[in-house]
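**Student:** how would this look folded up:
(one chain, ligands or ions: 1)
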Amino acid sequence: MSIEVRDIQKRFGRFTAVDGVNLHFPEGKLTALLGPSGSGKTTLLRMIAGLEQADSGMVLFNGEDTTHVHVSRRGVGFVFQHYALFKHMTVFDNVAFGLTVKPRRERPAKAEIENRVHRLLQLVQLEWTANRYPSQLSGGQRQRIALARALATEPRVLLLDEPFGALDAKVRTELRRWLRRLHDEIHVTSIFVTHDQEEAVDVADKIVIMNHGRIEQEGSPEEVYDNPASPFVFDFLGQVNRFYGHIRQGQAEIGDWTLPSPEHAEVANAPAVAYVRPHELEVHPDSDPATGVSLAATLADITSLGATIRLELVAPESQEPIYSELSKEAFVQLNIQTGDTVWLRPKKARVFLQPRQRAAQAA
Ligand SMILES: Nc1ncnc2c1ncn2[C@@H]1O[C@H](COP(=O)(O)OP(=O)(O)OP(=O)(O)O)[C@@H](O)[C@H]1O
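**Tutor:** Down below sits the predicted model:
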C-alpha cells in the first residue's frame with residue numbers, strides 16, 4: 001500500500017513539530033525518516049499511524065483519506081525502540097497476541113494461529129525461542145520477536161521507530177542487514193525512523209531528511225549522499241570539509257582554486273563555502289595550477305584506518321582541520337610526511353552561499 005501525507009502540520013503549544021510536510025511513501029518500499037533529535041520524525045510517524053492527530057493536512061493510504069479511520073483499523077504494525085514484549089508471556093504467545101485478541105468473527109482458528117506464529121518465527125530465524133520468555137532473550141532477539149509480532153496481523157504498513165536504537169553498535173549493524181534481507185522477502189510498505197545516517201543508507205530504498213519539522217531532501221541513498229541539496233544535508237550525511245571564499249558571477253574563488261558554480265551566475269560578489277568530501281579531496285606533493293592543483297596546505301597528521309589512510313591538513317581557507325582519505329598505495333606513492341607543504345584539488349565540490357547570504361537571497 002502506498003502512503004501519502006499532504007501539507008501535514010502539528011504544533012505542541014507554540015512549537016511547530018511538523019511544518020507543512022508533503023511526502024509520498026512508495027508501495028512495498030522501505031523509507032527512512034532521517035534527522036537530528038527533535039526534527040519531527042516520530043511526530044510524523046505517529047500521525048501516519050493515527051496515534052497523533054494532525055492540526056491540518058491529510059494522511060492518505062492508497063489514495064484514501066484516513067483522517068477518520070481509527071488506529072486499530074489502519075492495518076499498521078509497529079516496532080518501537082524499547083521492547084514492548086509482554087514479560088509474562090512466552091515468545092509464542094507474544095507473537096500470537098495480535099491474532100488472539102481479534103474479535104471472534106475475525107480471529108483465525110487456533111491451528112491457523114499456530115501455523116502463522118511458527119512461520120513468523122521461522123521468518124525471523126528464532127523458531128527455537130518459542131517457549132522462552134522475553135527475559136531469556138538478548139536485546140537483538142527481542143527486537144526480532146517484536147517485528148514478528150508486528151507482522152502477525154499482516155499489516156498493510158510497518159512503522160519502525162528507532163527499532164535498534166537501544167542496542168550496541170555491532171548488533172545494530174547485524175540487525176539492519178537482517179531487516180534489509182527480511183524486507184526484500186516480504187515487501188511490506190515500511191517507514192523507519194532513525195537519526196543514524198549510516199543505518200538509513202544501509203537499510204532504505206528511499207531517505208527523507210528532516211530538519212526543524214521540514215523536509216530538507218528526499219531521494220535514494222545514492223542521490224542524497226552524492227548530491228546533497230543543502231549544507232545541512234552535507235553535514236548530516238558524513239564527514240565534509242568546508243573551504244571559505246567568494247562567488248563572483250558563477251565562479252567560486254577559494255584561495256587559488258577557481259570552481260565553477262553556474263547555479264550562482266547572477267551573484268555579483270558574495271561570501272561562499274565549498275563543501276568537499278574527504279575521499280574527493282586529492283593531495284599532491286607539487287602544485288600544478290594548470291590542472292587546478294593549486295591550494296596549499298600543511299600536512300598535520302597521518303592516520304591509518306586499515307586499507308585507507310586519512311590525512312589531516314591545515315589551510316588558511318578552512319577554519320577547521322581538513323581531511324583527505326586515500327588508499328594506502330596512493331599514499332605511499334605521494335612520498336610525503338608530516339610538516340610538508342602539499343597541494344590540494346577537489347575531485348568534486350559543491351559551492352553554497354554562506355548562510356547569511358542564503359537568507360538574504362531567500363527573502
Ligand atoms: N506530546 C508533546 N508535547 C510537546 N512537545 C512535543 C510532544 N511530542 C513531541 N514534542 C516536541 O516536538 C519536537 C519533535 O519531536 P519528535 O519526537 O517528533 O522528534 P524526533 O525527530 O523523532 O526526535 P528524536 O530522534 O529525539 O525522537 C520536539 O522538540 C519535541 O520536544
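**Student:** just the CA atoms of the helix or strand harbouring Ala272, as CSV, please.
**Tutor:** Assigned by DSSP states H and E, Ala272 falls within strand 270-276. In CSV, the C-alpha atoms belonging to strand 270-276 read as follows (Å, rounded to 0.1, in the frame of the first residue of the first chain):
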residue,chain,number,x,y,z
ALA,A,270,29.2,37.2,-2.0
PRO,A,271,30.9,35.1,0.6
ALA,A,272,30.7,31.4,-0.2
VAL,A,273,31.7,28.0,1.1
ALA,A,274,32.8,25.0,-0.9
TYR,A,275,32.0,21.5,0.5
VAL,A,276,34.3,18.6,-0.4
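**Student:** and the next helix or strand past whichever strand or helix holds Val332?
**Tutor:** Assignment of secondary structure by DSSP H and E places Val332 within helix 328-334. Under the assignment DSSP H and E, the closest C-terminal helix or strand after helix 328-334 is strand 341-346.
**Student:** give the contact list for Glu280.
**Tutor:** Glu280 makes contact with Pro346, Lys347, Lys348, Ala349 under the criterion Cβ atoms under 8 Å, 6 or more residues apart in numbering. (Glycine included, C-beta is placed from N, CA and C.)
**Student:** for Thr90, same thing?
**Tutor:** Residues in contact with Thr90 (Cβ under 8 Å, 6+ apart) are Ala130, Asn131, Arg132, Tyr133.
**Student:** likewise for Thr42?
**Tutor:** Contacts here follow Cβ under 8 Å, 6+ apart; on that basis Thr42 touches Asp161, Val193.
**Student:** so it: helix, strand or coil?
**Tutor:** At Thr42, secondary structure determined by DSSP: H, G, I helix; E, B strand; the rest coil is helix.
**Student:** how close does it get to Leu23?
**Tutor:** From Thr42 over to Leu23 the distance is 15 Å, taken as Cβ to Cβ, to the nearest Å.
**Student:** below-threshold pLDDT in the stretch 251-363 of the chain: ranges please.
**Tutor:** Within the stretch 251-363 of the chain, the stretches falling below the threshold (pLDDT under 70) are 356-363.
**Student:** ok, and the closest non-adjacent residue to whichever residue of it sits closest to the ligand?
**Tutor:** Distances between the stretch 251-363 of the chain and the ligand by Cβ to the nearest ligand atom are smallest at Pro355, namely 21.8 Å. The shortest distance from Pro355 to any residue that is not its chain neighbour, by Cβ to Cβ, 6 or more residues apart in numbering, is 7.5 Å, and that residue is Pro231.
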